[in-house]
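Q: coords please:
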Amino acid sequence: TMQQCTRYLIFFQYIGTKYRYVALNFHIYQFILYLFDAVRKLRPLNPVSLSVSSRTDTGVHALSNSAHFDLQRKKDQPPFTEDILVKALNYHLGTEEIRVTHAHRVPDNFHARYCARSRTYVYRIAPGISHPTMLPLTEHNLCWGFCNTELDIGAMHEAAALLVGTHDFSTFRAVSSDLPFKNPVKTLEVADIRPGASFCLSHFHRTIPFWELTFRSKSFLYRQVRRMTGALVAVGQGRLSVSQLKDLLEAQDSNAYPQGLTAPPQGLFLTRVDYMDSGEEVTVSSGKCWIRKVTQRSLFTY
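A: Numbers count the residues shown, from 1 in each chain. Model (predicted):
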């Protein structure tokens, strides 16, 4: 009998600087094309289809994005083990700045995007950087540096607290082609601001103050995180008051967002995609996603 298809969930990282949004017969991100090609080089019998959990803008990075695909091998070959699959995909990715970190066999009705319980983004800022050359090479295109050294972190916390909860985030959504189809009401579980650090903290000739803004939600609108970050930094710089940010949120209008305030892409990292624990379920169109548990902690969290 012919070997059945095996569905895999993979977690992968990339430095997004050079991976752009490209127009083919359909619009797709370049990092997806490279992953697609790596899966195709495993020579599956089935047509390759890749479903990615989270789309990120050009220049945005991922420490942990995820995707699923089906793989059917020749009848005399067993399914790839998870470890072998990771090594094989990384081999075929070659020198691309994309790295598969984990793989899991999942049920046939699992979906990387629709079964995700939450996504976490971290935005890294470096105040007091008047020019990119002031940063160590390890930070090149991996943070947002700006001149202002003093940030009112208390005001930023106060403003961030206003964003937490269920709101219509229309003001913080950039206009895109899927605008009419996406519900602007989202529940933001976390909006946090904490001190961060340079990637080469103990190996640079001077200390650079870093801050990390963390946002967690089941899903986000187009450029929502970058718009929220830009507004919070503006509050920290005194260019926007806490009450003005509240007014922006309540305006529920994409055009109400001030021009030039959106944070640039290079400081943004997708850091986690979380899936359901064993025993929980989530409805996916007509079916349901059930996830088996492979560890004692929350499953599939990297």
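
Q: quick check, pLDDT for the closest residue to residue 57 other than its chain neighbours.
A: Distances taken as Cβ to Cβ, 6 or more residues apart in numbering put residue 265 closest to residue 57, at 5.1 Å, once the chain neighbours are dropped. Quick note: C-beta positions are derived from backbone N, CA and C, even for glycine. What the model reports as pLDDT for residue 265 is 95.

Q: what's near enough to touch residue 265?
A: 16, 57-60, 226 (Cβ atoms under 8 Å, 6 or more residues apart in numbering).

Q: got CSV for those residues, with secondary structure too?
A: Below are these laid out as CSV (DSSP: H, G, I helix; E, B strand; the rest coil):
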residue, secondary structure
16, helix
57, coil
58, coil
59, coil
60, coil
226, helix
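
Q: could you tell me which of these count as buried?
A: Neighbour-count burial (16 or more other Cβ atoms under 10 Å) is assigned, among those, to 16, 57, 59-60, 226.

Q: walk me through the domains of the chain.
A: Per the record, the chain has its domains at 5-114, 118-273, by the TED database.

Q: list the contacts for the residue lying closest to residue 163 once chain neighbours are set aside?
A: Excluding its sequence neighbours, the residue lying closest to residue 163 (Cβ to Cβ, 6+ apart) is residue 191, at 4.7 Å. Residues near residue 191 by Cβ under 8 Å, 6+ apart: 160-161, 163-164, 213-215, 228, 232.

Q: for residue 191, which three-state class applies?
A: When classified by three-state DSSP, residue 191 comes out as strand.

Q: distance check, the closest residue to residue 45 other than its chain neighbours against residue 90.
A: Of all residues beyond its chain neighbours, the one nearest residue 45 is residue 72 (4.4 Å), with distances taken as Cβ to Cβ, 6+ apart. Distance of residue 72 to residue 90, computed by Cβ to Cβ, to the nearest Å: 21 Å.

Q: likewise residue 246?
A: Residue 246 sits 46 Å away from residue 90, going by Cβ to Cβ.

Q: and for residue 211?
A: Using Cβ to Cβ, residue 211 is found at 33 Å from residue 90.

Q: centre of the chain to stretch 52-71, how far?
A: Stretch 52-71 has its C-alpha centroid displaced from the chain centroid by 7 Å (Cα atoms, centre = their mean, to the nearest Å).

Q: got the buried residues for it?
A: Residues of stretch 52-71 classed as buried under the neighbour-count rule (16+ other Cβ under 10 Å) are 52-57, 59-71.

Q: give me the nearest residue to residue 63, chain neighbours excluded.
A: Spatial nearest neighbour of residue 63, chain neighbours left out: residue 271 (4.8 Å); criterion: Cβ to Cβ, 6+ apart.

Q: the host helix or strand of the one you found pairs with which strands, and in what direction?
A: Using DSSP states H and E, residue 271 falls within strand 268-275. Applying DSSP bridges, strand 268-275 is found paired with strand 61-71 (parallel), strand 116-127 (antiparallel).

Q: what's in contact with it?
A: Strand 268-275 has contacts (Cβ under 8 Å, 6+ apart) with 9, 11, 53-54, 56-57, 60-66, 112, 115-124, 216, 225-226, 229, 291, 298-302.

Q: kindly report the same for stretch 35-45.
A: The contact list for stretch 35-45 (Cβ under 8 Å, 6+ apart) reads 2-3, 12, 48, 50, 52, 67, 69-74, 80, 88-89, 92-93, 98.
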